[in-house]
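Novice: one predicted model, sequence on top.
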Amino acid sequence: MKGSNELSREQIENIIWDEFASVPFHNLYFLLNKRPVDPSYGGTCSDKVIHLYHRLNDLGVQVSLHASFINGEEGHRLLKVKCQGHSYFADIGSGWPSWHLLPLDTPYEYTSFGISYKTEVGSNSLNVHFIRPEKRSWQISIPYKSKSQEEIWYDIETRFEKDNNDVFLHSVRFSQIVEDRFLFLRGDELWIYTDNSAPTFISLKGTPLSNILLKYFKFNLGKLDR
């Protein structure tokens, strides 16, 4: 798409917001030893990247896969987006509502649902710092020079065959924007983030996972079997 038909940065960010509200982040495929059946059912960074990639590509947006590092470990996937002469990174799959496009060449920061994001422009990479209200922080390092598209697609296709997925096997992770809140299920604790108050959590110990997902996320666990 060119000229007046090209999507603006704001329009693309609105699409990303919608992805966070409609396509959940979760590790259920790894925990339940299942394979993805529909991209709209969400998943980890790979599944969410695939869904947004095709959605933007179908709208004529110049988009490509990109590999990055979380706390020094390679394996996180996101998107590089070109819009109105500028390049941005879109981190759709970290599990947190990072819905703003991140410029490659300019420091940028914002806060959403009480979670702060701040970038630092390095010589070889864009470093993104996340700070949660609980004062926990971590970093994603996005090298400007990424793996080839073929290598990243291969990594995505073989992600269930690798032995480096321990991070997804400890306990359930499920997150999504729900109305005016961001909900993150970690184990048997449901954390609730908003723009105007400190985060709270609900202990759901002993509650069946299917009940939790249906009540708080309107997600039917049974559809992963279809």
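Specialist: Yep, that arrived.
Novice: for the rest of this, base every contact and every neighbour count on C-alpha atoms.
Specialist: Noted.
Novice: where along this protein do the helices fall?
Specialist: Under the criterion DSSP state H, helices of the chain are mapped to 9-22, 28-31, 45-58, 149-157, 209-217.
Novice: mind checking how far the third one is from the chain centre?
Specialist: The offset between the C-alpha centroid of helix 45-58 and the centroid of the whole chain comes to 11 Å, using C-alpha atoms, centre = their mean, to the nearest Å.
Novice: buried ones in that helix?
Specialist: Using 16 or more other C-alpha atoms under 10 Å as the burial criterion, the residues of helix 45-58 that qualify are 45-53, 56.
Novice: same question for the last one.
Specialist: Across helix 209-217, burial judged by 16+ other C-alpha under 10 Å covers 212-213, 217.
Novice: identify the residues contacting that helix?
Specialist: Residues from elsewhere that reach helix 209-217 (C-alpha atoms under 8 Å, 6 or more residues apart in numbering): 176, 178, 204, 219-221.
Novice: from residue 17, how far off is the spatially closest residue to residue 51 that is not a sequence neighbour?
Specialist: With C-alpha to C-alpha, 6 or more residues apart in numbering as the criterion, residue 51 has its nearest non-adjacent residue at 5.6 Å, and that residue is residue 39. Residue 39 sits at a distance of 17 Å from residue 17 (criterion: C-alpha to C-alpha, to the nearest Å).
Novice: thinking again about what came up before, looking at the helices of the chain, which is nearest to residue 120?
Specialist: Between residue 120 and the helices of the chain, the tightest spacing by C-alpha to C-alpha is seen for helix 9-22, at 20.1 Å.
Novice: which strand runs longest in this structure?
Specialist: Secondary structure of the chain read by DSSP state E shows that its longest strand is strand 73-83.
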